[in-house]
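A.B. asks: what's the 3D shape of this:
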Amino acid sequence: MKNILLIYTGGTIGMQKDSNNNSLKAVDFNKLTSSLPELQNPELRVHHTSLKKIIDSSNMDKNYWIEITEIIKENYTVMHGFVVLHGSDTMAYTASALSFMLEGLQKAVILTGSQIPIGARRTDAKENLITSIEIAASGKIKEVCVYFEDKLLRGNRTVKVNSEQFEAFNSPNFPTLADVGIHIKYNSNYFFTSNQKELNIQTNFSEDVAVLKLFPGITEKVVSSVLNSANNIVLETFGSGNATNKEWFITSLKTAINKGVFIVNCSQCLSGEVTQGKYETSSDLNKIGVISAKNMTSESAITKLMHLDGICTSLGEKKSLFIKSLRGEISN
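C.D. replies: Have a look, this model is predicted:
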């Protein structure tokens, strides 16, 4: 008997239309799991729980991430895998965050959702839910993933790319972990497995992070405002890590770094990686101590900084761990 735990956080997947007023309301998961014949399997038992407060995923924050990890920890020894039902808008952030919080994970944690509520006629929710459960029960996956529309993606490599199509997510810089058709084709060469065999949840998550997205014509006032707002900055640059080399801009960054602000360079491009020094407009960033995020997604860079700022005791430790692939978030 394989035991899988559904953790409902909110989002479109868990909604159905109220016949009285045509509005959306939360699904009764007791009725849902018993009404899906695909889940009626003597070798599979699906359990379910939810957050204390069901939320729209736009309201997601570190406190809900901690609640999810604690649910997983409490049920870790009795469950074979976990499926987190989540709104799609911030799913990539949650998947990235959970990957860093669940150190030593040896079971599947699959995040999924849907573009159409599970109670609607043309919903994509049932397929996403049923396949996520099957993958979680397979025993093949031992990391945090996102499953959506026939693709299993590494969680901390995932970005939402479409708000209208069923294929809402992509993994621009890393292959799919599984492709689903008539059969589930697992790409086992790309699986991540932790060397640590015991689960250790890391809940010291910092919110002292800000994003500075560059654009042509950005002013010194805007740059200074963001640099002074947090001690950890994700600098979203152009192309392969390029930024203006105007004197005021470089001086502003250098001044912040000298004060102990940790600045990482993440490209605005979905595909490719940051290569500081390739062009003149990024060589100054190298010289003053900006750290390359390589081919991390912005979601992964942000949540990794939140994680590291919560556990590191020195700036040097934070730097050494940021450039290291902890959960497969960076290509070696």
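A.B. asks: only C-alpha atoms for contact and neighbour calcs from this point on.
C.D. replies: Will do.
A.B. asks: mind listing what Gly87 touches?
C.D. replies: Thr9, Gly10, Gly11, Thr12, Ile13, Asp56, Ser57, Gly113, Ser114 (C-alpha atoms under 8 Å, 6 or more residues apart in numbering).
A.B. asks: Could you do Ala108 as well?
C.D. replies: For Ala108, the contact set (C-alpha under 8 Å, 6+ apart) comprises His80, Gly81, Phe82, Ile135, Ala136, Gly139, Lys140, Ile141, Lys142, Glu143, Val144, Cys145.
A.B. asks: In this structure the second one contacts Leu105, no?
C.D. replies: This points to Gly81. No. With contacts counted by C-alpha atoms under 8 Å, Gly81 stays clear of Leu105, the gap being 10.6 Å.
A.B. asks: Just the strands from the stretch 101-250 of the chain, written as ranges.
C.D. replies: Listed in chain order, the strands of the stretch 101-250 of the chain (DSSP state E, counting those that start in this stretch) span 102-103, 108-112, 144-148, 151-154, 159-160, 169-170, 178-180, 184-186, 200-201, 209-213, 232-237.
A.B. asks: And these, which one averages the lowest pLDDT?
C.D. replies: Mean pLDDT per stretch puts strand 169-170 lowest among the strands of the stretch 101-250 of the chain, at a mean of 92.
A.B. asks: Work out the sheet partners of it and label each with its direction, please.
C.D. replies: When pairs are called by DSSP bridges, strand 169-170 turns out to pair with strand 159-160 (antiparallel).
A.B. asks: Which one of Gly81 and Leu105 is surrounded by more residues?
C.D. replies: Between Gly81 and Leu105, Gly81 has the larger neighbour count (other C-alpha atoms under 10 Å), namely 29 against 26.
A.B. asks: on that earlier part again, mind picking the two most distant members of the contacts of Ala108?
C.D. replies: Maximum pairwise distance among the contacts of Ala108 (C-alpha to C-alpha): 15.1 Å, between His80 and Cys145.
A.B. asks: remind me which residues of the chain are low pLDDT?
C.D. replies: Residues of the chain meeting the criterion pLDDT under 70: 16-20, 22-35, 37, 119.
A.B. asks: Just put the strands of the stretch 101-250 of the chain in TSV and tack on distance to Ser325.
C.D. replies: As requested, the strands of the stretch 101-250 of the chain are arranged in TSV below (distance: least, C-alpha to C-alpha, whole Å):
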stretch	distance to Ser325
strand 102-103	13
strand 108-112	19
strand 144-148	15
strand 151-154	13
strand 159-160	18
strand 169-170	20
strand 178-180	21
strand 184-186	22
strand 200-201	18
strand 209-213	20
strand 232-237	17
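A.B. asks: Can you check which of the ones you listed gets nearest to Leu285?
C.D. replies: strand 232-237 (10.6 Å).
A.B. asks: And Ala108, how far from Val146?
C.D. replies: As judged by C-alpha to C-alpha, to the nearest Å, Ala108 and Val146 stand 10 Å apart.
A.B. asks: what about the spatially closest residue to Thr176 that is not a sequence neighbour, how many neighbours?
C.D. replies: Spatial nearest neighbour of Thr176, chain neighbours left out: Leu153 (5.1 Å); criterion: C-alpha to C-alpha, 6 or more residues apart in numbering. Using other C-alpha under 10 Å, the number of residues around Leu153 comes to 25.
A.B. asks: list the contacts for Leu153?
C.D. replies: Applying C-alpha under 8 Å, 6+ apart, the residues contacting Leu153 are Cys145, Val146, Tyr147, Asn170, Ser171, Pro175, Thr176, Leu177, Ala178.
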